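Visitor: Give the three-dimensional model of this entry:
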Amino acid sequence: MRIYQFVISLMLFLGTVATLSLSVSGQAMAQEAQGISLVEALELAHKNSKSDAQLEIQSEIAEVKVKEVKAKWWPQITADAKAVVWNDNSMLQVIDKENLDLEASLGQAVQQGMAGMDTAQQMAMTTMLGMMKPLVPPVTQALMDIIPSELELREQFTAIVGVQLVMPLTPLLQVYQGQKLAELGVKDVEIQRKGQSLAIDFEVTDVYLKLVYAQLMVDVAQEALDTIQKHVEMAQKYENAGMISHNDVLSAEVELVKARQDLMEARQGKRLAGMKLVQTLGLPRETEVSASDMPQETFSVALAPLSDYQTRALEQRTELERLSLTQELGERSAKLAIYDYIPKVALVARYEFAHGTAMQPTNQAFIGLAANWTIFDGLEKHYAAKRAELEASQNATKAEEAEELIALEVSQKYLNLETALEKTALTKQALALADENLRMITAQFAQGESVNTDVLTAQTKRAAARASDVKARIDVLSALAALYLSLGEEPRLTQDAIR
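Guide: Next comes the predicted model:
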(Lines give C-alpha, C1' and ligand atoms only; values in the text may rest on other atoms or scores of the structure.)
Protein backbone atom coordinates (compact mmCIF):
# COMPACT_ATOMS: atom_id res chain seq x y z
CA MET A 1 0.00 0.00 0.00
CA ARG A 2 2.83 2.36 0.82
CA ILE A 3 4.54 1.57 -2.50
CA TYR A 4 1.28 2.33 -4.32
CA GLN A 5 0.93 5.65 -2.50
CA PHE A 6 4.56 6.52 -3.28
CA VAL A 7 4.07 5.86 -7.00
CA ILE A 8 0.91 7.97 -7.04
CA SER A 9 2.65 10.82 -5.24
CA LEU A 10 5.61 10.66 -7.65
CA MET A 11 3.25 10.79 -10.63
CA LEU A 12 1.46 13.78 -9.16
CA PHE A 13 4.78 15.57 -8.58
CA LEU A 14 6.06 14.94 -12.10
CA GLY A 15 2.70 15.95 -13.56
CA THR A 16 2.71 19.19 -11.59
CA VAL A 17 6.27 20.05 -12.71
CA ALA A 18 5.45 19.28 -16.36
CA THR A 19 2.28 21.32 -16.17
CA LEU A 20 4.07 24.32 -14.68
CA SER A 21 6.83 24.10 -17.30
CA LEU A 22 4.34 23.69 -20.12
CA SER A 23 2.24 26.53 -18.77
CA VAL A 24 5.24 28.90 -18.76
CA SER A 25 6.32 27.90 -22.27
CA GLY A 26 2.71 28.10 -23.46
CA GLN A 27 2.40 31.63 -22.08
CA ALA A 28 5.65 32.66 -23.80
CA MET A 29 4.47 31.14 -27.06
CA ALA A 30 1.10 32.81 -26.73
CA GLN A 31 2.81 36.16 -26.28
CA GLU A 32 4.93 35.65 -29.39
CA ALA A 33 2.27 33.93 -31.51
CA GLN A 34 0.70 36.06 -34.20
CA GLY A 35 -3.03 35.69 -34.60
CA ILE A 36 -3.99 35.18 -38.23
CA SER A 37 -7.36 34.80 -39.87
CA LEU A 38 -8.14 32.32 -42.63
CA VAL A 39 -8.43 35.10 -45.22
CA GLU A 40 -5.04 36.49 -44.19
CA ALA A 41 -3.53 33.02 -44.37
CA LEU A 42 -4.84 32.53 -47.91
CA GLU A 43 -3.44 35.90 -49.02
CA LEU A 44 -0.05 35.13 -47.50
CA ALA A 45 0.05 31.70 -49.14
CA HIS A 46 -0.56 33.16 -52.60
CA LYS A 47 1.91 35.96 -52.00
CA ASN A 48 4.71 33.61 -50.96
CA SER A 49 3.87 30.75 -53.32
CA LYS A 50 6.79 29.76 -55.55
CA SER A 51 4.49 27.84 -57.88
CA ASP A 52 2.47 31.01 -58.51
CA ALA A 53 5.67 32.85 -59.42
CA GLN A 54 6.71 30.04 -61.80
CA LEU A 55 3.31 30.04 -63.49
CA GLU A 56 3.51 33.82 -63.85
CA ILE A 57 6.78 33.46 -65.76
CA GLN A 58 5.29 30.61 -67.80
CA SER A 59 2.34 32.86 -68.66
CA GLU A 60 4.68 35.59 -69.88
CA ILE A 61 6.57 33.05 -72.01
CA ALA A 62 3.30 31.88 -73.60
CA GLU A 63 2.29 35.46 -74.39
CA VAL A 64 5.67 36.13 -75.99
CA LYS A 65 5.16 33.04 -78.17
CA VAL A 66 1.87 34.50 -79.38
CA LYS A 67 3.61 37.75 -80.29
CA GLU A 68 6.35 35.76 -82.01
CA VAL A 69 3.80 34.03 -84.25
CA LYS A 70 1.92 37.28 -84.91
CA ALA A 71 5.14 38.79 -86.23
CA LYS A 72 4.94 36.37 -89.18
CA TRP A 73 1.92 38.26 -90.52
CA TRP A 74 4.22 41.12 -91.53
CA PRO A 75 6.25 41.06 -94.78
CA GLN A 76 9.97 40.38 -94.65
CA ILE A 77 12.07 43.34 -95.76
CA THR A 78 15.74 42.74 -96.41
CA ALA A 79 18.54 44.98 -97.65
CA ASP A 80 21.81 43.96 -99.26
CA ALA A 81 24.81 45.94 -100.49
CA LYS A 82 28.05 45.08 -102.26
CA ALA A 83 31.02 47.36 -102.98
CA VAL A 84 34.00 45.95 -104.94
CA VAL A 85 37.31 47.39 -106.11
CA TRP A 86 38.65 45.33 -109.03
CA ASN A 87 42.29 45.06 -110.02
CA ASP A 88 41.41 46.84 -113.26
CA ASN A 89 38.40 48.01 -115.17
CA SER A 90 36.90 45.69 -117.79
CA MET A 91 37.18 46.82 -121.47
CA LEU A 92 35.69 45.32 -124.66
CA GLN A 93 37.78 45.89 -127.87
CA VAL A 94 35.52 47.06 -130.70
CA ILE A 95 38.05 47.49 -133.60
CA ASP A 96 41.80 47.55 -134.03
CA LYS A 97 42.35 50.93 -135.74
CA GLU A 98 46.09 50.46 -136.21
CA ASN A 99 45.81 47.28 -138.25
CA LEU A 100 42.47 47.99 -139.91
CA ASP A 101 42.35 49.04 -143.66
CA LEU A 102 38.83 50.35 -143.84
CA GLU A 103 38.89 51.06 -147.59
CA ALA A 104 40.02 47.55 -148.41
CA SER A 105 37.43 46.12 -146.05
CA LEU A 106 34.68 48.19 -147.65
CA GLY A 107 35.82 47.17 -151.17
CA GLN A 108 35.85 43.53 -150.18
CA ALA A 109 32.39 43.88 -148.72
CA VAL A 110 31.13 45.53 -151.93
CA GLN A 111 32.56 42.76 -154.10
CA GLN A 112 30.94 40.12 -151.94
CA GLY A 113 27.63 41.97 -152.24
CA MET A 114 27.86 42.33 -156.03
CA ALA A 115 28.55 38.64 -156.46
CA GLY A 116 24.92 37.90 -155.97
CA MET A 117 23.70 40.51 -158.51
CA ASP A 118 22.92 40.16 -162.21
CA THR A 119 24.91 42.02 -164.88
CA ALA A 120 22.66 45.08 -165.03
CA GLN A 121 22.75 45.48 -161.28
CA GLN A 122 26.52 45.07 -161.19
CA MET A 123 26.92 47.77 -163.88
CA ALA A 124 24.65 50.14 -161.96
CA MET A 125 26.50 49.48 -158.72
CA THR A 126 29.88 50.03 -160.41
CA THR A 127 28.69 53.37 -161.84
CA MET A 128 27.42 54.48 -158.41
CA LEU A 129 30.66 53.45 -156.66
CA GLY A 130 32.67 55.37 -159.24
CA MET A 131 30.70 58.49 -158.50
CA MET A 132 31.12 57.99 -154.71
CA LYS A 133 34.82 57.08 -154.78
CA PRO A 134 36.02 60.67 -154.08
CA LEU A 135 33.87 60.63 -150.90
CA VAL A 136 35.29 57.39 -149.52
CA PRO A 137 38.47 58.77 -147.89
CA PRO A 138 36.75 61.56 -145.87
CA VAL A 139 33.84 59.29 -144.88
CA THR A 140 36.24 56.56 -143.89
CA GLN A 141 38.21 58.96 -141.75
CA ALA A 142 35.03 60.26 -140.12
CA LEU A 143 33.93 56.72 -139.24
CA MET A 144 37.34 55.98 -137.80
CA ASP A 145 37.04 59.05 -135.60
CA ILE A 146 33.50 58.20 -134.42
CA ILE A 147 33.87 54.47 -133.68
CA PRO A 148 35.77 53.88 -130.39
CA SER A 149 38.45 51.28 -130.39
CA GLU A 150 37.36 49.98 -126.89
CA LEU A 151 34.13 49.93 -124.84
CA GLU A 152 34.23 49.95 -120.99
CA LEU A 153 32.03 47.16 -119.55
CA ARG A 154 32.89 47.61 -115.83
CA GLU A 155 34.63 50.30 -113.89
CA GLN A 156 37.38 49.50 -111.43
CA PHE A 157 34.98 50.36 -108.52
CA THR A 158 31.48 48.88 -108.64
CA ALA A 159 28.64 48.96 -106.10
CA ILE A 160 25.18 47.38 -105.88
CA VAL A 161 22.56 48.28 -103.25
CA GLY A 162 19.22 46.42 -103.12
CA VAL A 163 16.05 46.33 -101.02
CA GLN A 164 13.72 43.33 -101.22
CA LEU A 165 10.22 42.70 -99.83
CA VAL A 166 8.75 39.21 -99.51
CA MET A 167 5.11 38.86 -98.44
CA PRO A 168 4.00 35.22 -97.93
CA LEU A 169 0.45 34.59 -99.12
CA THR A 170 -0.66 30.98 -98.78
CA PRO A 171 1.71 30.35 -95.79
CA LEU A 172 -0.48 32.80 -93.85
CA LEU A 173 -2.92 29.91 -93.39
CA GLN A 174 -0.27 28.15 -91.33
CA VAL A 175 0.52 31.38 -89.52
CA TYR A 176 -3.15 31.66 -88.53
CA GLN A 177 -3.24 28.14 -87.14
CA GLY A 178 0.10 28.68 -85.41
CA GLN A 179 -1.25 31.81 -83.76
CA LYS A 180 -4.30 29.92 -82.52
CA LEU A 181 -2.04 27.18 -81.12
CA ALA A 182 0.04 29.78 -79.29
CA GLU A 183 -3.10 31.39 -77.89
CA LEU A 184 -4.19 27.97 -76.64
CA GLY A 185 -0.87 27.80 -74.82
CA VAL A 186 -1.70 31.05 -73.02
CA LYS A 187 -5.12 29.70 -72.11
CA ASP A 188 -3.58 26.47 -70.85
CA VAL A 189 -1.30 28.39 -68.47
CA GLU A 190 -4.30 30.36 -67.18
CA ILE A 191 -6.16 27.10 -66.52
CA GLN A 192 -3.11 25.75 -64.69
CA ARG A 193 -2.95 28.91 -62.60
CA LYS A 194 -6.60 28.54 -61.68
CA GLY A 195 -6.12 24.91 -60.66
CA GLN A 196 -2.98 25.76 -58.72
CA SER A 197 -4.79 28.58 -56.93
CA LEU A 198 -7.61 26.23 -55.89
CA ALA A 199 -5.09 23.66 -54.68
CA ILE A 200 -3.29 26.27 -52.57
CA ASP A 201 -6.58 27.52 -51.12
CA PHE A 202 -7.62 24.01 -50.13
CA GLU A 203 -4.23 23.11 -48.64
CA VAL A 204 -4.12 26.30 -46.56
CA THR A 205 -7.73 25.83 -45.44
CA ASP A 206 -7.06 22.22 -44.46
CA VAL A 207 -3.90 23.08 -42.49
CA TYR A 208 -5.60 26.07 -40.89
CA LEU A 209 -8.53 23.94 -39.73
CA LYS A 210 -6.12 21.42 -38.22
CA LEU A 211 -4.56 24.25 -36.22
CA VAL A 212 -8.05 25.39 -35.16
CA TYR A 213 -8.80 21.84 -34.06
CA ALA A 214 -5.54 21.66 -32.11
CA GLN A 215 -6.28 24.96 -30.36
CA LEU A 216 -9.80 23.83 -29.44
CA MET A 217 -8.45 20.54 -28.13
CA VAL A 218 -6.14 22.53 -25.84
CA ASP A 219 -9.21 24.34 -24.54
CA VAL A 220 -11.01 21.02 -24.04
CA ALA A 221 -8.03 19.53 -22.20
CA GLN A 222 -7.64 22.65 -20.06
CA GLU A 223 -11.33 22.61 -19.22
CA ALA A 224 -11.15 18.93 -18.24
CA LEU A 225 -8.08 19.63 -16.12
CA ASP A 226 -9.79 22.51 -14.30
CA THR A 227 -12.86 20.38 -13.61
CA ILE A 228 -10.87 17.43 -12.26
CA GLN A 229 -8.73 19.80 -10.21
CA LYS A 230 -11.83 21.13 -8.52
CA HIS A 231 -13.05 17.58 -7.94
CA VAL A 232 -9.73 16.59 -6.37
CA GLU A 233 -9.94 19.56 -4.03
CA MET A 234 -13.49 18.55 -3.09
CA ALA A 235 -12.42 14.92 -2.60
CA GLN A 236 -9.59 15.98 -0.28
CA LYS A 237 -12.06 17.96 1.83
CA TYR A 238 -14.40 14.97 2.00
CA GLU A 239 -11.46 12.75 3.01
CA ASN A 240 -10.60 15.10 5.85
CA ALA A 241 -14.23 15.02 6.91
CA GLY A 242 -14.16 11.21 6.85
CA MET A 243 -16.80 10.98 4.15
CA ILE A 244 -14.64 9.09 1.59
CA SER A 245 -11.55 6.96 1.77
CA HIS A 246 -8.05 7.92 0.77
CA ASN A 247 -8.21 5.49 -2.16
CA ASP A 248 -10.97 7.64 -3.69
CA VAL A 249 -8.73 10.68 -3.44
CA LEU A 250 -5.86 8.79 -5.04
CA SER A 251 -8.14 7.72 -7.91
CA ALA A 252 -9.09 11.34 -8.48
CA GLU A 253 -5.44 12.41 -8.37
CA VAL A 254 -4.56 9.74 -10.95
CA GLU A 255 -7.21 11.17 -13.28
CA LEU A 256 -5.72 14.60 -12.62
CA VAL A 257 -2.33 13.38 -13.81
CA LYS A 258 -3.93 11.91 -16.92
CA ALA A 259 -5.67 15.23 -17.58
CA ARG A 260 -2.34 17.04 -17.31
CA GLN A 261 -0.81 14.59 -19.76
CA ASP A 262 -3.71 15.15 -22.15
CA LEU A 263 -3.15 18.90 -21.91
CA MET A 264 0.54 18.44 -22.59
CA GLU A 265 -0.17 16.37 -25.69
CA ALA A 266 -2.80 18.86 -26.87
CA ARG A 267 -0.36 21.75 -26.59
CA GLN A 268 2.27 19.75 -28.42
CA GLY A 269 -0.22 19.04 -31.20
CA LYS A 270 -1.09 22.74 -31.34
CA ARG A 271 2.57 23.66 -31.71
CA LEU A 272 3.12 21.14 -34.49
CA ALA A 273 -0.01 22.34 -36.31
CA GLY A 274 1.25 25.93 -36.05
CA MET A 275 4.61 24.92 -37.51
CA LYS A 276 2.85 23.20 -40.40
CA LEU A 277 0.83 26.35 -41.12
CA VAL A 278 3.99 28.49 -41.01
CA GLN A 279 5.62 26.16 -43.54
CA THR A 280 2.54 26.17 -45.77
CA LEU A 281 2.38 29.97 -45.77
CA GLY A 282 6.08 30.28 -46.63
CA LEU A 283 6.86 32.25 -43.46
CA PRO A 284 10.20 32.15 -41.58
CA ARG A 285 10.56 29.02 -39.45
CA GLU A 286 10.87 30.97 -36.23
CA THR A 287 7.45 32.58 -36.75
CA GLU A 288 4.74 31.61 -34.26
CA VAL A 289 1.14 31.78 -35.49
CA SER A 290 -2.25 31.03 -34.04
CA ALA A 291 -5.64 30.77 -35.70
CA SER A 292 -7.96 33.66 -34.91
CA ASP A 293 -10.98 32.23 -36.74
CA MET A 294 -12.94 29.64 -34.81
CA PRO A 295 -15.94 27.55 -35.90
CA GLN A 296 -19.32 28.73 -34.77
CA GLU A 297 -20.88 26.73 -31.97
CA THR A 298 -23.84 26.08 -34.22
CA PHE A 299 -24.05 26.75 -37.93
CA SER A 300 -26.10 25.40 -40.79
CA VAL A 301 -25.12 24.68 -44.37
CA ALA A 302 -27.91 24.93 -46.94
CA LEU A 303 -27.31 22.13 -49.41
CA ALA A 304 -28.77 22.27 -52.91
CA PRO A 305 -29.69 19.07 -54.77
CA LEU A 306 -26.73 16.88 -55.70
CA SER A 307 -27.43 17.27 -59.43
CA ASP A 308 -26.94 21.03 -59.14
CA TYR A 309 -23.47 20.55 -57.69
CA GLN A 310 -22.56 18.02 -60.37
CA THR A 311 -23.65 20.45 -63.10
CA ARG A 312 -21.56 23.24 -61.58
CA ALA A 313 -18.55 20.95 -61.38
CA LEU A 314 -18.83 19.94 -65.05
CA GLU A 315 -18.95 23.62 -66.01
CA GLN A 316 -16.04 24.76 -63.86
CA ARG A 317 -13.50 21.96 -63.32
CA THR A 318 -10.11 22.76 -64.80
CA GLU A 319 -9.51 19.14 -65.81
CA LEU A 320 -12.35 19.33 -68.32
CA GLU A 321 -11.13 22.70 -69.56
CA ARG A 322 -7.67 21.30 -70.20
CA LEU A 323 -9.05 18.23 -71.98
CA SER A 324 -11.18 20.44 -74.22
CA LEU A 325 -8.13 22.58 -74.85
CA THR A 326 -6.03 19.55 -75.74
CA GLN A 327 -8.70 18.34 -78.15
CA GLU A 328 -8.75 21.69 -79.93
CA LEU A 329 -4.96 21.63 -79.98
CA GLY A 330 -5.00 18.29 -81.80
CA GLU A 331 -7.55 19.50 -84.36
CA ARG A 332 -5.55 22.60 -85.20
CA SER A 333 -2.32 20.59 -85.36
CA ALA A 334 -4.00 18.36 -87.97
CA LYS A 335 -4.97 21.39 -90.06
CA LEU A 336 -1.46 22.76 -89.73
CA ALA A 337 0.00 19.52 -91.11
CA ILE A 338 -2.45 19.49 -94.05
CA TYR A 339 -1.57 23.08 -94.99
CA ASP A 340 1.99 21.92 -95.73
CA TYR A 341 0.67 20.42 -98.97
CA ILE A 342 -0.62 23.76 -100.24
CA PRO A 343 1.74 25.51 -102.68
CA LYS A 344 3.66 28.25 -100.93
CA VAL A 345 3.05 31.44 -102.89
CA ALA A 346 4.69 34.72 -101.94
CA LEU A 347 4.70 38.26 -103.32
CA VAL A 348 8.22 39.46 -104.10
CA ALA A 349 9.28 43.06 -104.83
CA ARG A 350 12.84 44.39 -105.27
CA TYR A 351 14.59 47.64 -106.02
CA GLU A 352 18.29 47.74 -106.96
CA PHE A 353 20.77 50.55 -107.52
CA ALA A 354 23.98 49.72 -109.45
CA HIS A 355 27.13 51.77 -110.03
CA GLY A 356 30.11 51.05 -112.26
CA THR A 357 28.59 48.34 -114.46
CA ALA A 358 27.74 49.39 -117.99
CA MET A 359 25.73 46.26 -118.80
CA GLN A 360 23.38 46.75 -115.82
CA PRO A 361 20.90 49.63 -115.45
CA THR A 362 21.60 52.08 -112.66
CA ASN A 363 18.06 51.80 -111.26
CA GLN A 364 15.88 48.75 -111.69
CA ALA A 365 12.92 47.25 -109.86
CA PHE A 366 10.49 44.37 -110.25
CA ILE A 367 7.42 42.88 -108.54
CA GLY A 368 6.06 39.38 -109.01
CA LEU A 369 4.97 36.08 -107.48
CA ALA A 370 7.15 33.19 -106.37
CA ALA A 371 5.83 29.68 -105.72
CA ASN A 372 7.20 26.54 -104.10
CA TRP A 373 5.19 23.32 -103.98
CA THR A 374 6.17 20.10 -102.30
CA ILE A 375 4.37 17.54 -104.42
CA PHE A 376 5.39 14.41 -102.51
CA ASP A 377 7.22 14.01 -99.22
CA GLY A 378 6.58 10.36 -98.48
CA LEU A 379 3.19 11.24 -96.89
CA GLU A 380 4.94 12.47 -93.78
CA LYS A 381 2.56 15.39 -93.29
CA HIS A 382 -0.43 13.14 -94.01
CA TYR A 383 0.44 10.79 -91.17
CA ALA A 384 1.24 13.70 -88.88
CA ALA A 385 -2.27 15.05 -89.50
CA LYS A 386 -3.73 11.59 -88.95
CA ARG A 387 -1.91 11.24 -85.64
CA ALA A 388 -3.18 14.65 -84.48
CA GLU A 389 -6.75 13.68 -85.38
CA LEU A 390 -6.47 10.42 -83.40
CA GLU A 391 -5.10 12.27 -80.39
CA ALA A 392 -8.03 14.68 -80.56
CA SER A 393 -10.46 11.74 -80.63
CA GLN A 394 -8.64 10.16 -77.70
CA ASN A 395 -8.98 13.36 -75.68
CA ALA A 396 -12.71 13.43 -76.44
CA THR A 397 -12.99 9.94 -74.94
CA LYS A 398 -10.97 11.02 -71.91
CA ALA A 399 -13.30 13.97 -71.43
CA GLU A 400 -16.32 11.65 -71.23
CA GLU A 401 -14.54 9.46 -68.70
CA ALA A 402 -13.44 12.51 -66.68
CA GLU A 403 -17.02 13.76 -66.50
CA GLU A 404 -18.13 10.49 -64.93
CA LEU A 405 -15.26 10.57 -62.42
CA ILE A 406 -15.93 14.19 -61.51
CA ALA A 407 -19.62 13.50 -60.99
CA LEU A 408 -18.67 10.58 -58.71
CA GLU A 409 -16.18 12.73 -56.79
CA VAL A 410 -18.78 15.45 -56.22
CA SER A 411 -21.20 12.80 -54.97
CA GLN A 412 -18.63 11.55 -52.46
CA LYS A 413 -17.85 15.06 -51.18
CA TYR A 414 -21.56 15.84 -50.99
CA LEU A 415 -22.29 12.70 -48.96
CA ASN A 416 -19.30 13.39 -46.70
CA LEU A 417 -20.69 16.82 -45.92
CA GLU A 418 -24.18 15.44 -45.28
CA THR A 419 -22.70 12.86 -42.91
CA ALA A 420 -20.63 15.49 -41.12
CA LEU A 421 -23.67 17.71 -40.65
CA GLU A 422 -25.72 14.80 -39.25
CA LYS A 423 -22.84 13.85 -36.96
CA THR A 424 -22.67 17.42 -35.65
CA ALA A 425 -26.29 17.29 -34.62
CA LEU A 426 -25.66 14.03 -32.77
CA THR A 427 -22.52 15.29 -31.01
CA LYS A 428 -24.42 18.37 -29.87
CA GLN A 429 -27.04 16.14 -28.25
CA ALA A 430 -24.37 13.91 -26.72
CA LEU A 431 -22.54 16.93 -25.31
CA ALA A 432 -25.71 18.33 -23.79
CA LEU A 433 -26.47 14.96 -22.17
CA ALA A 434 -22.90 14.63 -20.90
CA ASP A 435 -23.05 18.13 -19.39
CA GLU A 436 -26.31 17.32 -17.63
CA ASN A 437 -25.02 13.96 -16.46
CA LEU A 438 -21.86 15.52 -15.02
CA ARG A 439 -23.85 18.25 -13.31
CA MET A 440 -26.22 15.78 -11.68
CA ILE A 441 -23.54 13.33 -10.54
CA THR A 442 -21.38 16.15 -9.20
CA ALA A 443 -24.33 17.47 -7.25
CA GLN A 444 -25.07 13.98 -5.94
CA PHE A 445 -21.46 13.53 -4.95
CA ALA A 446 -21.57 16.80 -3.07
CA GLN A 447 -24.55 15.44 -1.14
CA GLY A 448 -22.93 12.05 -0.60
CA GLU A 449 -25.35 10.27 -2.90
CA SER A 450 -22.81 9.10 -5.49
CA VAL A 451 -19.32 7.68 -5.36
CA ASN A 452 -16.09 9.18 -6.62
CA THR A 453 -15.77 6.84 -9.58
CA ASP A 454 -19.14 8.00 -10.93
CA VAL A 455 -17.93 11.59 -11.01
CA LEU A 456 -14.68 10.65 -12.74
CA THR A 457 -16.53 8.54 -15.27
CA ALA A 458 -18.97 11.35 -15.96
CA GLN A 459 -16.12 13.80 -16.39
CA THR A 460 -14.35 11.46 -18.80
CA LYS A 461 -17.52 11.07 -20.84
CA ARG A 462 -18.06 14.83 -20.85
CA ALA A 463 -14.51 15.49 -22.08
CA ALA A 464 -14.93 12.85 -24.80
CA ALA A 465 -18.26 14.37 -25.86
CA ARG A 466 -16.70 17.81 -25.98
CA ALA A 467 -13.80 16.53 -28.11
CA SER A 468 -16.22 14.74 -30.44
CA ASP A 469 -18.25 17.92 -30.85
CA VAL A 470 -15.12 19.93 -31.70
CA LYS A 471 -13.99 17.34 -34.23
CA ALA A 472 -17.46 17.16 -35.77
CA ARG A 473 -17.56 20.92 -36.33
CA ILE A 474 -14.09 20.91 -37.88
CA ASP A 475 -15.09 17.94 -40.06
CA VAL A 476 -18.04 19.95 -41.39
CA LEU A 477 -15.77 22.82 -42.37
CA SER A 478 -13.24 20.45 -43.98
CA ALA A 479 -16.00 18.64 -45.88
CA LEU A 480 -17.45 21.96 -47.02
CA ALA A 481 -14.04 23.12 -48.31
CA ALA A 482 -13.55 19.77 -50.07
CA LEU A 483 -16.96 20.11 -51.75
CA TYR A 484 -16.05 23.60 -53.00
CA LEU A 485 -12.78 22.25 -54.40
CA SER A 486 -14.58 19.39 -56.18
CA LEU A 487 -16.79 22.01 -57.85
CA GLY A 488 -13.77 23.92 -59.16
CA GLU A 489 -14.55 26.83 -56.83
CA GLU A 490 -12.46 28.57 -54.19
CA PRO A 491 -12.85 26.59 -50.95
CA ARG A 492 -13.29 29.73 -48.85
CA LEU A 493 -15.48 29.44 -45.78
CA THR A 494 -18.13 32.06 -45.05
CA GLN A 495 -18.58 34.01 -41.85
CA ASP A 496 -21.68 31.91 -41.16
CA ALA A 497 -19.39 28.98 -40.38
CA ILE A 498 -16.40 30.72 -38.75
CA ARG A 499 -16.09 33.71 -36.49
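
Visitor: Span of stretch 142-154 from start to end?
Guide: 27 Å (CA to CA, to the nearest Å).

Visitor: could you give the mean pLDDT of it?
Guide: Stretch 142-154 shows a mean pLDDT of 72.

Visitor: Find the nearest non-adjacent residue to K335, please.
Guide: Nearest residue to K335, sequence neighbours excluded (CB to CB, 6 or more residues apart in numbering): Q177, at 5.4 Å. In short, each C-beta sits where N, CA and C put it, glycine included.

Visitor: Just the pLDDT at the one you found, thanks.
Guide: 88.

Visitor: For it, the count of nearby residues, please.
Guide: When neighbours are counted by other CB atoms under 10 Å, Q177 registers 20.

Visitor: In a strand, it, correct?
Guide: No. According to DSSP: H, G, I helix; E, B strand; the rest coil, Q177 belongs to no strand; its state is helix.

Visitor: any idea how far K276 is from it?
Guide: Using CB to CB, to the nearest Å, we find Q177 at a distance of 48 Å from K276.

Visitor: how about the strands in the stretch 251-400 of the chain?
Guide: Ranges of strands in the stretch 251-400 of the chain, per DSSP state E, counting those that start in this stretch, are 289-291, 344-357, 363-372.

Visitor: Select, out of those strands, the one closest to E233.
Guide: strand 289-291 (30.9 Å; CB to CB).

Visitor: And the closest one, what does it pack against?
Guide: strand 34-36, helix 172-240, helix 246-281 (3 or more CB pairs under 8 Å, 6 or more residues apart in numbering; DSSP states H and E).

Visitor: Mind putting those into TSV with distance to K47?
Guide: Formatted as TSV, the helices and strands packed on strand 289-291 follow (distance: least, CB to CB, whole Å):
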stretch	distance to K47
strand 34-36	13
helix 172-240	11
helix 246-281	9
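
Visitor: wait, which of those is closest to K67?
Guide: helix 172-240 (8.6 Å).

Visitor: Pull up the per-residue confidence for A346.
Guide: 94.

Visitor: how much space between it and K70?
Guide: Distance from A346 to K70, by CB to CB: 18 Å.

Visitor: between these two, which one's more packed in?
Guide: A346 (19 against 14).

Visitor: residues in contact with that one?
Guide: By CB atoms under 8 Å, 6 or more residues apart in numbering, the contact set of A346 is V166, M167, P168, L169, P171, L369, A370, A371.

Visitor: Please name the residues that touch the residue lying closest to the fifth one once chain neighbours are set aside.
Guide: Read that as P171. Sequence neighbours aside, K344 is the residue nearest to P171 in space, at 5.4 Å (criterion: CB to CB, 6+ apart). The contact partners of K344, taken as CB under 8 Å, 6+ apart, are P168, T170, P171, A371, N372, W373.

Visitor: Closest one of those residues to A337?
Guide: Looking across the contacts of K344 and measuring by CB to CB, the closest to A337 is P171, at 13.9 Å.

Visitor: for the closest one, phi and psi?
Guide: P171 adopts backbone torsions of phi -60, psi -10, taken as degrees, to the nearest 10.

Visitor: Now do it, the pLDDT please.
Guide: 89.

Visitor: can you give me the helices in this protein?
Guide: Per DSSP state H, the chain carries helices over the ranges 2-32, 38-48, 50-70, 102-114, 119-132, 136-146, 172-240, 246-281, 306-316, 318-338, 380-446, 452-486.

Visitor: Export these to CSV and append columns for distance to F299.
Guide: Shown next, in CSV, are the helices of the chain (distance: least, CB to CB, whole Å):
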stretch, distance to F299
helix 2-32, 27
helix 38-48, 15
helix 50-70, 31
helix 102-114, 123
helix 119-132, 130
helix 136-146, 116
helix 172-240, 14
helix 246-281, 22
helix 306-316, 19
helix 318-338, 29
helix 380-446, 9
helix 452-486, 8
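
Visitor: thought A337 was touching K381?
Guide: Yes. At 4.8 Å, A337 counts as touching K381 under the criterion of CB atoms under 8 Å.

Visitor: neighbour-wise, which of those two wins?
Guide: The neighbour count for A337 versus K381, taken as other CB under 10 Å, is higher for A337 (21 against 16).

Visitor: Against P361, how distant is that one?
Guide: 45 Å.

Visitor: can you check Q112 too?
Guide: Taking CB to CB, one finds Q112 at 38 Å from P361.

Visitor: Kindly report the same for A482.
Guide: Applying CB to CB to A482 and P361 gives a distance of 80 Å.

Visitor: cool, W373 as well?
Guide: W373 is 32 Å from P361, by CB to CB.

Visitor: neighbouring contacts of stretch 208-217?
Guide: Taking CB under 8 Å, 6+ apart as the rule, stretch 208-217 contacts 38, 41, 266, 269-270, 272-274, 276-277, 289-291, 293-295, 467, 470-471, 474, 477-478, 481.
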